[in-house]
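Peer 1: Structure, please.
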Amino acid sequence: MNHCFNPDCSNPSQNEIHDQFCKACRTRLRLQDRYRAIKPIGRGGFGITYLAIDEGKPSQPQCVIKQFNFQGPGNVAKAIKLIQQEAVRLEQLGHHDQIPTLYTRCEQDGRHYIVQEYIEGQNLAQELKQRGSFSESQVRQLLLDLLPLLRFIHQGQVIHRDIKPENIIRKPGGQLVLVDFGAAK
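Peer 2: Prediction:
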């Protein structure tokens, strides 16, 4: 299935894998003729996050597309600056097992996007909701897992500025990954 990128589309999830354009609104269904959105997985103040497929690679791995939507003319310049900052911060930090890899930043059909590595797992907010509060030993272990990552980020002259349970994902093997560098400085 292909999901339409147009936030105003009347029926964004009706498209088949082979479709090039949305059946409802005629929007292109592939970002840069490579990335195909499957479904929305998050929504925030500046846009929508999609689970996607990278059809440019032979294994067609999953990835994440962050689409930035702006409300009102005054927000556009600020939002574009935030997109650029997030992409620069991720690129500046380079590869680290606990940070999603940036694939690209682009614009298509007047909308701005960041494509990055998909991190499989649950965020800590979901864990808290399912299991309740963490014990003291679990909190200690979380800190022991995150502090080396924060040291790495700070050595790269970056401050995340939005560390919260929703932005920490636990991979199936237990490793913690920090996501959403949109507010980083």
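Peer 1: Show me what secondary structure element comes after the helix or strand of the chain with the lowest mean pLDDT.
Peer 2: When each helix and strand of the chain is scored by mean pLDDT, DSSP states H and E, helix 73-93 comes last, with a mean of 79. Moving toward the C-terminus from helix 73-93, the next helix or strand (DSSP states H and E) is strand 102-108.
Peer 1: Parallel or antiparallel, list what pairs with the following helix or strand past that following strand.
Peer 2: Scanning forward in sequence from strand 102-108 by DSSP H and E, the next helix or strand is strand 111-117. Applying DSSP bridges to the sheet, strand 111-117 is found paired with strand 62-68 (antiparallel), strand 102-108 (antiparallel).
Peer 1: Let's have the ones you listed in a markdown table, adding distance to V158 and mean pLDDT.
Peer 2: In this view, the C-beta of every residue, glycine as well, is placed from N, C-alpha and C. Formatted as a markdown table, the strands paired with strand 111-117 follow (distance: least, CB to CB, whole Å; pLDDT from 0 to 100):
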| stretch | distance to V158 | mean pLDDT |
| --- | --- | --- |
| strand 62-68 | 18 | 94 |
| strand 102-108 | 13 | 94 |
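Peer 1: Please work out how many residues are found near S10.
Peer 2: 10 (other CB atoms under 10 Å).
Peer 1: Please identify the most buried of the strands paired with strand 111-117.
Peer 2: strand 62-68 (a mean of 22; mean count of other CB atoms under 10 Å).
Peer 1: Can you list the neighbours in contact with it?
Peer 2: 5, 7, 31, 35, 37, 41, 46-54, 79-80, 82-83, 100, 103, 111-120 (CB atoms under 8 Å, 6 or more residues apart in numbering).
Peer 1: Q20: what's its closest spatial neighbour, skipping adjacent residues?
Peer 2: Distance criterion CB to CB, 6 or more residues apart in numbering; nearest residue to Q20, sequence neighbours excluded, is L29 at 6.1 Å.
Peer 1: That neighbour and F5 touch, don't they?
Peer 2: Yes: counting by CB atoms under 8 Å, L29 does reach F5; the two are 7.5 Å apart.
Peer 1: what sits in contact with each of the two?
Peer 2: With CB under 8 Å, 6+ apart, L29 and F5 have common neighbours A37.
Peer 1: right, and the strands paired with strand 111-117 - which one's nearest L150?
Peer 2: Among the strands paired with strand 111-117, strand 102-108 comes nearest to L150, with 19.0 Å by CB to CB.
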